[in-house]
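Enquirer: Return a 3D structure for these sequence lines:
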Amino acid sequence: MDTVAGAATTLADLDEEQRYAVFDDLQQHLPQVWDAMRTDRPEESAVVVPSISLESSTATSGTLMQAMEERALFQLLLLRQPMLTLVYVTSSPIADEIVDYYLGLLPGVIPSNARRRLRLVSVGDASVRPLSQKVLDRPRVLHRIRDLVPDRSISHLIPYTTTELERDVAISLGIPMYGSDPRLASLGSKSGCRRLFAEAGVRAPAGAEGLRTVDDLVSATRRMRAAMPSLAEVIVKINEGVSGSGNALVDVTGLPAPGDPDEEPAVRGRIGGLQPEAADLAVSEFLAGFERLGGVVEERITGTALTSPSVQMRVLPDRTVELLSTHDQLLGGASGQKYLGCVFPADPAYSRLISEPAMVVGRDLAARGVLGRFAVDFVTVRDGAGDWTAHAIELNLRKGGTTHPFLTLQFLVEGEYDGAAGLYRDASGTPKFLVATDHLEDDRLKALTPRDVFDVVVRKRLHFDHSRKTGVVFHMLSCVTECGRLGMTAIGDSPEQAWQTYQDATEALLEEATLALVPGTTAT
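Expert: Numbers count the residues shown, from 1 in each chain. Model prediction:
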């Protein structure tokens, strides 16, 4: 069995303990790989496998799964490093026009040169199964990827999330993975992060974790009502829920008093009538998922002013913890818990308020061995003219919905985030702002192709302009025609300009789509 970085290992010959031994050995080589990335060494490379293997993934078709995998195409901007070879793996082939679009965004690089250093690998499997599983099921695909890596001793795997599947891909390729150890995954569950927040002394909503059954939910809710007589609503969260889709709201107003003989059946009835955040999810399906995966129940924070910001951080191979950014989340859904997009940076009124406890969590995670990017989500609340109060509510030990907009900004603008000021500034000191979404959705958009989208933004002068460092960058383009959905990041020199650019692009696309549905009509 070969455990030296640069040589691949056959998974079939290894049990779980042996696989982790090989994985641990590979991870020891990550610091030298990281140094190579920073010094532009010849034959350096990275392998991007943007596999989505989360329990509550919203991808319901192969086309949408492909589009979710293509959210990470901002990684093509890494090709601005002149010595880098980038291997990008997807379920289905990426359209040439989409690849050309991203290469055209590269600052200071000849697109044809970047294209020669890009290796695209398609598995040829359009199912909704995780991409990493598709790769592992095909030894010849693994062999092809290995052959495309010039020198495995200075290469690494860039995943979206990190499960045992991504671990096995790293082992099979013989390269380390820049991401958290799958053995630490429980820290990012709803129960795990509540325990972590408590141990780190970070404020979180009142509630209970480690619940497994409806009986557990009933008992925990009754305890919360006894301790908090004014409690009006609680949120039930499935441990592995994503983007709010694993959440449900329970109204606990008007129930018998705590301890009353009729309280228990009344609480049980309310839980049986809970409101899942995912509109297409039946109560019975939600509760079955809860009993299978476990979860938490916690108070729903309310106030006259309430926002849901997040803090993004990363742990480097040398265990340094970096504060990367803060965002305000754009939420929707049945009760405002579904993630739709983000605004960067978060409001300065509370950006430092959330950054400080987030860094406490970050340092704790680094001490436990966590590696790579992660985010802590908060609810911030204020009553009247009082001070803001922050409650940590979730920990995402992976890339998330705010990762690709921020890294797109970072790669294109090439500036630095000032944590004290809560601002991102370009090299000239100009602050930059963005508004982003993965959910620009309208059935009319099905009338457009990716090429139509490009034509509209160019014609309307909304495309990202390197001279001004403002404009729109799109993602998830491959699902616009089938699903009527795409994503975009609008970058501006002020919050108002970023919002206006976002709105202008939205209106322009919908206008074009509406015209496309009228025979004989052309846009001007």
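
Enquirer: separation between Gln75 and Pro182?
Expert: Counting by CB to CB, to the nearest Å, the separation of Gln75 from Pro182 is 21 Å. From N, CA and C alone the C-beta is placed, and that goes for glycine too.

Enquirer: Then Ala366?
Expert: Between Ala366 and Pro182 the computed distance is 17 Å (CB to CB).

Enquirer: Is it correct that Arg468 falls within a helix?
Expert: No. Going by DSSP: H, G, I helix; E, B strand; the rest coil, the assignment for Arg468 is coil, not a helix.

Enquirer: wait, what's in contact with it?
Expert: By CB atoms under 8 Å, 6 or more residues apart in numbering, the contact set of Arg468 is Asp493.

Enquirer: now do Leu196
Expert: 187, 361, 364-365, 395.

Enquirer: Please produce JSON lines containing the residues you listed, extended by distance to Ser132, neighbour count and secondary structure.
Expert: Listed next are the contacts of Leu196 as JSON lines, based on distance: CB to CB, whole Å; neighbours: other CB atoms under 10 Å; DSSP: H, G, I helix; E, B strand; the rest coil:
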{"residue": "Leu187", "distance to Ser132": "21", "neighbour count": "22", "secondary structure": "helix"}
{"residue": "Val361", "distance to Ser132": "27", "neighbour count": "25", "secondary structure": "helix"}
{"residue": "Asp364", "distance to Ser132": "28", "neighbour count": "18", "secondary structure": "helix"}
{"residue": "Leu365", "distance to Ser132": "23", "neighbour count": "24", "secondary structure": "helix"}
{"residue": "Leu395", "distance to Ser132": "22", "neighbour count": "24", "secondary structure": "strand"}
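
Enquirer: and which of those residues is nearest to Gly429?
Expert: Checking these against Gly429 with CB to CB, the nearest one is Val361 at 30.4 Å.

Enquirer: Is the closest one in contact with Leu395, as I believe?
Expert: Yes. Between Val361 and Leu395 there is a contact under CB atoms under 8 Å: 6.9 Å.

Enquirer: intersection of neighbour lists for these two?
Expert: Residues touching both Val361 and Leu395 by CB under 8 Å, 6+ apart: 196-197, 376.

Enquirer: Could you save these as a markdown table and add columns showing secondary structure and distance to Pro261?
Expert: A markdown table is the format used below for these (DSSP: H, G, I helix; E, B strand; the rest coil; distance: CB to CB, whole Å):
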| residue | secondary structure | distance to Pro261 |
| --- | --- | --- |
| Leu196 | helix | 38 |
| Phe197 | helix | 35 |
| Val376 | strand | 41 |
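
Enquirer: Looking at the residues you listed, which is nearest Leu79?
Expert: Using CB to CB, Val376 is the member of those that lies nearest Leu79, at 30.9 Å.

Enquirer: ok now do that closest one, which residues does it touch?
Expert: Neighbour list for Val376: 310-311, 313, 354, 357-358, 361-362, 392, 394-396 [criterion: CB under 8 Å, 6+ apart].

Enquirer: Can you mark which positions in stretch 185-194 are buried?
Expert: Neighbour counts over stretch 185-194 (16 or more other CB atoms under 10 Å) mark 185, 187-194 as buried.

Enquirer: of all the shared contacts of Val361 and Leu395, which comes closest to Asp262?
Expert: Nearest to Asp262 out of those is Phe197 (CB to CB; 34.2 Å).

Enquirer: Apart from its chain neighbours, what residue comes closest to the closest one?
Expert: Spatial nearest neighbour of Phe197, excluding adjacent residues (CB to CB, 6 or more residues apart in numbering): Ala204 at 4.3 Å.

Enquirer: Show me the strands in the stretch 301-450 of the chain, by range?
Expert: 305-307, 309-315, 321-332, 338-344, 372-382, 389-396, 416-418, 423-425, 431-441 (DSSP state E, counting those that start in this stretch).

Enquirer: So, low pLDDT: which residues of the stretch 351-500 of the chain?
Expert: Applying pLDDT under 70 to the stretch 351-500 of the chain flags no residue at all.

Enquirer: meant to ask about the stretch 151-300 of the chain, not that
Expert: Using pLDDT under 70, the stretch 151-300 of the chain drops low at 242-244.

Enquirer: cutoff 90 now
Expert: Scanning the stretch 151-300 of the chain for pLDDT under 90 picks out 161, 240-246, 277-281.

Enquirer: those helices in it, which residues are they?
Expert: Remark: helices assigned in the stretch 151-300 of the chain by DSSP state H, counting those that start in this stretch are 164-173, 190-200, 214-227, 263-272, 283-293.

Enquirer: which ones are touching Lys469?
Expert: Lys469 makes contact with 412-413, 426, 430, 432, 491, according to CB under 8 Å, 6+ apart.

Enquirer: ok, back up a step: nearest to Tyr178, out of the strands of the stretch 301-450 of the chain?
Expert: Nearest to Tyr178, of all those, is strand 372-382, at 5.4 Å by CB to CB.

Enquirer: Would you mind measuring from Glu16 to Asp24?
Expert: Taking CB to CB as the measure, Glu16 falls 13 Å from Asp24.

Enquirer: In terms of neighbours, single out the busier of those two.
Expert: Using other CB atoms under 10 Å as the criterion, Glu16 and Asp24 rank with Asp24 on top: 13 against 9.

Enquirer: what's the helix or strand for the more buried one?
Expert: Secondary structure assignment for Asp24, by DSSP states H and E: helix 16-27.

Enquirer: got the angle for that helix vs helix 164-173?
Expert: Interaxial angle of helix 16-27 relative to helix 164-173 (axes from the mean of the first three to the mean of the last three CA atoms, to 10 degrees): 60 degrees.

Enquirer: in helix 16-27, what's buried?
Expert: In terms of neighbour count (16+ other CB under 10 Å), helix 16-27 has its buried residues at 19-20, 22-23, 25-27.

Enquirer: Is it possible to get TSV of these that adds distance to Ser127 and pLDDT?
Expert: As requested, the buried residues of helix 16-27 are exported to TSV (distance: CB to CB, whole Å; pLDDT from 0 to 100):
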residue	distance to Ser127	pLDDT
Arg19	25	96
Tyr20	28	96
Val22	28	95
Phe23	26	96
Asp25	33	96
Leu26	29	96
Gln27	30	96
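
Enquirer: out of the residues you listed, who's nearest Asp216?
Expert: Once CB to CB is applied, the member of the buried residues of helix 16-27 that ends up nearest Asp216 is Tyr20, at 31.4 Å.

Enquirer: Do I have it right that the closest one meets Ile171?
Expert: No. With contact defined as CB under 8 Å, Tyr20 does not count as touching Ile171 (9.3 Å).

Enquirer: Need the overlap of contacts for the two.
Expert: Counting by CB under 8 Å, 6+ apart, Tyr20 and Ile171 have no shared contacts at all.

Enquirer: Identify the residues contacting the helix ranked longest in the chain?
Expert: The helix that spans the most residues within the chain, counting by DSSP state H, is helix 495-516. Applying CB under 8 Å, 6+ apart, the contact partners of helix 495-516 are 343, 433-435, 437, 440, 442, 444-448, 452-453, 456-457, 460, 462, 470-472, 488, 490-492, 521-523.

Enquirer: neighbours around Leu397, how many?
Expert: Count around Leu397 with other CB under 10 Å applied: 26.

Enquirer: So for it, what's the nearest residue that isn't a sequence neighbour?
Expert: With sequence-adjacent residues excluded and distances taken as CB to CB, 6+ apart, Leu397 is closest to Gly188, at 3.5 Å.

Enquirer: re earlier: do you know how far the residue nearest to Phe197 is from Ile271?
Expert: Using CB to CB, Ala204 is found at 21 Å from Ile271.

Enquirer: Who has more neighbours out of those two?
Expert: Ala204 (25 against 22).

Enquirer: Report the separation between the more buried one and Glu166.
Expert: Counting by CB to CB - Ala204 and Glu166 are separated by 28 Å.

Enquirer: what do you get for Arg203?
Expert: Distance, Arg203 to Glu166, using CB to CB: 32 Å.
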